[in-house]
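Visitor: Attaching a predicted model along with its sequence, questions to come.
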Amino acid sequence: MSARPTFLTYDAPDRQYVDLLSRLGVSMDPKLATFGIARGHLASQREGKVFMAPMLRAEVIDPQNGAILAGGLEGDLQSRRVACHPWGFEEFAEENGVGIAFRVSYAAMDVVAVNVEVTNRRDASMDLAMRFESACADGAEDAIATCNGETQTVAIAQTSRPTSQWQLRPEPDFRIVTLLRPQFDFECDGLIGETSCAAITPTFELEAGESREFPLLLTAASHDMRTETEKNSEALARILSIATRRLDEAAKRTPQEIVEAARARWEAQFAAYDLSRIEPEYHGLVRQAMTILLKNSIAPQLECDFGSQMHGFLGTFPARHGYEAFWIWDSAKHAWGFAEWNTALARDNVLVMLSNQDPETGQLYMVHPDSRIASTQPPLFANAAMLIFERESPTHPLAAREFLADVYEPLAKWNAWWFAECDTNGNGLMEWPNNLCSGWDDSARWDTDRKAGWGNDDGAAKLDAVDLNSFLVADMRELARIATELGRNEEAREWQGKADRLAELIVENLYDERDALFYDRHIETDEFVRIPTPASFMPLWAGVPLDAERTRDVLQRHLLNEAEFFGPYPFPTIAYSHAKYDAAGASGYWRGPVWLDQAFFMLATLERHRDVLDPDYRERIDEARRRILSMAMMNGIHENYNSKTGKRGANSKEHFSWSAASLIAIAAGEM
């Protein structure tokens, strides 16, 4: 692989490398002594499954005495280098006069191609051999490792039992089969144990400066365990057949052809986005954001008992390892990001969620690829649908219109669900069913006599929520636009009238003249919950009828105030000046860190009302954008950030999808 810009780094043990839509991920960790693929990951439960460790360790040995010359546990780690590309990664080391390069890319979805190159760095010839080892991760049961000389394939089968505390259903046990096919002569080096095996090459000679390559292919697939032995046997044979076909197909190409095809797949994605409208200094950041969205996306594999709840659509996880499911407002934001260059994936992120809608009530679900649970989150899909329509209609007007027609009725039904289920006091303002549904899980907005969060998830039901009602105003206005595009003009007028009435209620009931700010209101005490957060500005994002003078007061007095929200890294999830502010989020990740989706909403709010601001405050909008983009450039794309230092938040996943989607929009200035 030639040197290219580095968009991803591997500085955390749980970081996964995956290719487009793959279920199988691999990871390496330069801080450990394992040379090669340290772990194999398989999307399964919410946390995924680390099922191989190591997945493929490579060692150069002295065939005379078996001593490890390069790649061993006692190797010189200081000699190691790592180069990462969207289409693959490389690890290099030089030990005892032997150079070793370990190169990884994907030959196809879920098929990993490895090419190990060994170089004699000495002045004289050397006799060498290569040894490869693979082992099941801790917790594997009923494991068996075999080496089939006739098919030149190493197979490891294991049973994985569910371990997730976040199961949406009783997860079944499943059988995982890993196949490794070296594309060179080798001998099985004996079974090291039931959970691992090794292969070794015949002795080969390298002259001084000479190199030799050792290409391998590997894949993994699984099936749900059945109670009947016969069905298990049939399922295992089916999975073995699928995995074997994958390797047979990949073996038709040379290692170099595989690398070039992988690079071409990714370059085609990058070429689809016009970077000319973005400042050159942010081009690398946008490419990294695109890469993250793509790597977190996945295809169903029904033949491997994976993806039954995806209904044939693709989907995007918020992050690999920990968030391997589909949340409602996450999926809408992912669609925002993809709409800029890959409208097919944007549409699927909407449709994978709408396909799980309750046909009677209109409620949506939190969806795992193979299970779901009734839930709800901020209604953003109508907004996403119109954005997709706007991006597609210039080139594919018929398909764009058909998409709107497909989603209109489900979105209308979902909007009606809120008004039917979430206005317990009948005042026309909605309440979140609970704080988890708000997406702001542990925000101080929900504190009662106990801090909101794990074990105390009922605070939101008592509040007329300022953000929910703002989202609903925006949702109905987008539904009006969709209805207009579909020629349903009377319905469009009805949607607009309902949106206007709710917008007026927000101003009448949730705007506090004393503080010049919008707040949630407690439905039992009728008192404001005076906790300033980005939710306090969402009515202005939605365009409620607040006059220019008061709008200017809200934004200049609070959102662009350095003591409250316009700090070193705007915009924290609670005002800097509030007693419960926690910059890093150690006490709760919605209690002070910066979330890029909220930063996007705040920048969009400011852009909407730029003209009412005083000139010096208008300049702060552009400064806020620069600070946010610089924060991500310096520290990577994370779930949230310390709002004082700009570094990764205390409770934060890396390579987070909605952060990536938000950065794409912020960099493009499309708020």
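Guide: Right, received. Where do you want to start?
Visitor: How many residues are close by residue 560?
Guide: 25 (other CB atoms under 10 Å). Quick note: C-beta positions are derived from backbone N, CA and C, even for glycine.
Visitor: list the contacts for it?
Guide: Neighbour list for residue 560: 566, 606, 613, 617, 620-621, 624 [criterion: CB atoms under 8 Å, 6 or more residues apart in numbering].
Visitor: Any idea how many residues pack against residue 405?
Guide: So residue 405, with other CB under 10 Å, has 13 neighbours.
Visitor: And the nearest residue to it once chain neighbours are set aside, how far from residue 357?
Guide: Closest residue to residue 405 apart from its sequence neighbours, by CB to CB, 6 or more residues apart in numbering: residue 486 at 6.0 Å. With distances taken as CB to CB, to the nearest Å, residue 486 is found 19 Å from residue 357.
Visitor: And these two? Which one has more around it.
Guide: Per other CB under 10 Å, whichever of residue 486 and residue 357 has more neighbours is residue 357, with 18 against 14.
Visitor: got the contact list for that one?
Guide: Residues in contact with residue 357, defined by CB under 8 Å, 6+ apart, are 363-365, 410, 413-414.
Visitor: Narrow those residues to those in strands?
Guide: Using DSSP state E, the subset of the contacts of residue 357 located in strands is 364-365.
Visitor: And the contacts of residue 357, which is closest to residue 653?
Guide: Proximity of the contacts of residue 357 to residue 653 was ranked by CB to CB; the top entry is residue 365 with 21.9 Å.
Visitor: Do you know the pLDDT at the nearest residue to the closest one once chain neighbours are set aside?
Guide: With CB to CB, 6+ apart as the criterion, residue 365 has its nearest non-adjacent residue at 4.0 Å, and that residue is residue 372. Among the per-residue scores, residue 372 shows a pLDDT of 93.
Visitor: just checking, residue 372 is part of a strand?
Guide: Yes. Read with DSSP: H, G, I helix; E, B strand; the rest coil, residue 372 is one of the residues of a strand.
Visitor: thinking again about what came up before, so the residue nearest to residue 405 sits against residue 404, correct?
Guide: Yes. Counting by CB atoms under 8 Å, residue 404 is a contact partner of residue 486 at 6.1 Å.
Visitor: Now tell me which helix or strand of the chain has the poorest mean pLDDT.
Guide: Considering only helices and strands, the least confidently modelled element of the chain by mean pLDDT, DSSP states H and E is strand 187-188, at a mean of 80.
Visitor: Tell me which other helices or strands that one touches.
Guide: strand 196-200 (3 or more CB pairs under 8 Å, 6 or more residues apart in numbering; DSSP states H and E).
Visitor: Once you drop chain neighbours, what's closest to the residue in the chain sticking out farthest from the centre?
Guide: In the chain, the residue that sits farthest from the middle, by CA atoms, centre = their mean, is residue 124; the gap is 49.6 Å. Distances taken as CB to CB, 6+ apart put residue 208 closest to residue 124, at 5.9 Å, once the chain neighbours are dropped.
Visitor: for residue 152, same thing?
Guide: Taking CB to CB, 6+ apart, and ignoring the residues beside it in sequence, residue 152 has residue 181 as its nearest neighbour in space, at 6.0 Å.
Visitor: nearest to residue 235, of the contacts of residue 560?
Guide: Taking CB to CB as the measure, residue 235 sits nearest to residue 624 out of those, at 54.5 Å.
Visitor: Angles on the backbone of residue 253, please.
Guide: Comment: the main-chain dihedrals of residue 253 come out as phi -110, psi 150, following degrees, to the nearest 10.
Visitor: Near it, how many other residues are there?
Guide: For residue 253, the neighbour count with other CB under 10 Å is 15.
Visitor: how close does it sit to residue 185?
Guide: 20 Å.
Visitor: for residue 200, same thing?
Guide: Applying CB to CB to residue 200 and residue 185 gives a distance of 10 Å.
Visitor: Who has more neighbours out of those two?
Guide: A side-by-side neighbour count of residue 200 and residue 185, using other CB under 10 Å, places residue 200 first with 19 against 10.
Visitor: Next up, the contacts around the more buried one.
Guide: With contacts defined as CB under 8 Å, 6+ apart, residue 200 is in contact with 61, 129-132, 186-187, 189.
Visitor: what does residue 151 give?
Guide: Residue 151 sits next to 181, 244 when contact means CB under 8 Å, 6+ apart.
Visitor: in what helix or strand does it lie?
Guide: Using DSSP states H and E, residue 151 sits in no helix or strand.
Visitor: one step back: looking at the contacts of residue 560, spot the one nearest residue 429.
Guide: residue 606 (25.2 Å).
Visitor: Tell me where the stretch 351-500 of the chain has helices.
Guide: Counting by DSSP state H, counting those that start in this stretch, the segments of the stretch 351-500 of the chain that form helices are 381-392, 397-421, 435-438, 466-485, 489-510.
Visitor: right, I mislabeled it, should have said the stretch 151-300 of the chain
Guide: Listed in chain order, the helices found in the stretch 151-300 of the chain under DSSP H, counting those that start in this stretch are 229-250, 255-271, 283-295.
Visitor: Which positions in the longest one come out as buried?
Guide: If I follow you right, that is helix 229-250. Buried residues in helix 229-250, defined by neighbour count with 16 or more other CB atoms under 10 Å: 232, 235, 239-240, 242-244, 246-247, 250.
Visitor: These: which two are farthest apart?
Guide: Spanning the widest gap among the buried residues of helix 229-250 are 232 and 250, at 27.2 Å by CB to CB.
Visitor: quick check, residue 540 in a helix?
Guide: Yes. Going by three-state DSSP, the assignment for residue 540 places it inside a helix.
Visitor: show me the residues around it that make contact.
Guide: With contacts defined as CB under 8 Å, 6+ apart, residue 540 is in contact with 518, 546, 551, 554-555, 605, 608-609.
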